[in-house]
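S.K.: could you look at this predicted model? Sequence included:
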Amino acid sequence: QVQLVESGGGSVQPGGSLQLSCAVSFDLNYYHIGWFRQAPGKAREGVSCVTSRTDYTYNADAVKGRFTISRDNAKNTVYLQMNGLEVEDTGVYYCALGSSGTWCTPHAKDYIDWGQGTQVTVSS
């Protein structure tokens, strides 16, 4: 059974940092993993992703230079380090499993299993 479990969300002030974790029940070597977020009243958007068996990562323009995605294959865990958080980063963050294509993408349609989400709130 495929499982993805996010953790690490919370409330921080602007400029603060959080590290999200996505623990998975499968071998990370064979799947892309994406991080998405959804703010109230807005569509889900791709934030970052990491491609299976490579070091290729993608970061949306809105988070470049602030967010870093990484994975620990031995722990079957993917991380999203978020620095310099802004109010606009507020939302529910989801990790997702993608299995198709050569490279990971920021498009939700390319992902087949999702975690339950973790809330990130940035406010002063």
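M.R.: Now that the structure is in, tell me what you want to look at. Residues are numbered from 1 along each chain as shown.
S.K.: and the residue nearest the centre of this structure?
M.R.: Taking C-alpha atoms, centre = their mean, the centroid of the chain lies closest to Trp35, which sits 2.2 Å from it.
S.K.: look up which residues are beta-bridged to that one.
M.R.: As for beta bridges, Trp35 partners with Ser48, Cys95 under DSSP bridges.
S.K.: from Pro14, how far off is it?
M.R.: Distance check for Trp35 against Pro14: by C-beta to C-beta, to the nearest Å, it reads 20 Å. In short, each C-beta sits where N, CA and C put it, glycine included.
S.K.: that older thread, how about the contacts made by the residue nearest to the centre of the chain?
M.R.: 20, 22, 46-49, 69, 78, 80, 93-96 (C-beta atoms under 8 Å, 6 or more residues apart in numbering).
S.K.: which one of these is nearest Thr118?
M.R.: Using C-beta to C-beta, Tyr93 comes nearest to Thr118 of those, at 5.4 Å.
S.K.: who are the packing partners of the helix or strand harbouring that closest one?
M.R.: For Tyr93, the host element (DSSP states H and E) is strand 91-98. When contacts are defined as 3 or more C-beta pairs under 8 Å, 6 or more residues apart in numbering; DSSP states H and E, strand 91-98 packs onto strand 4-7, strand 18-24, strand 32-38, strand 77-82, strand 113-114, strand 118-122.
S.K.: between that strand and strand 18-24, how big is the angle?
M.R.: For strand 91-98 against strand 18-24, the angle by axes from the mean of the first three to the mean of the last three C-alpha atoms, to 10 degrees is 30 degrees.
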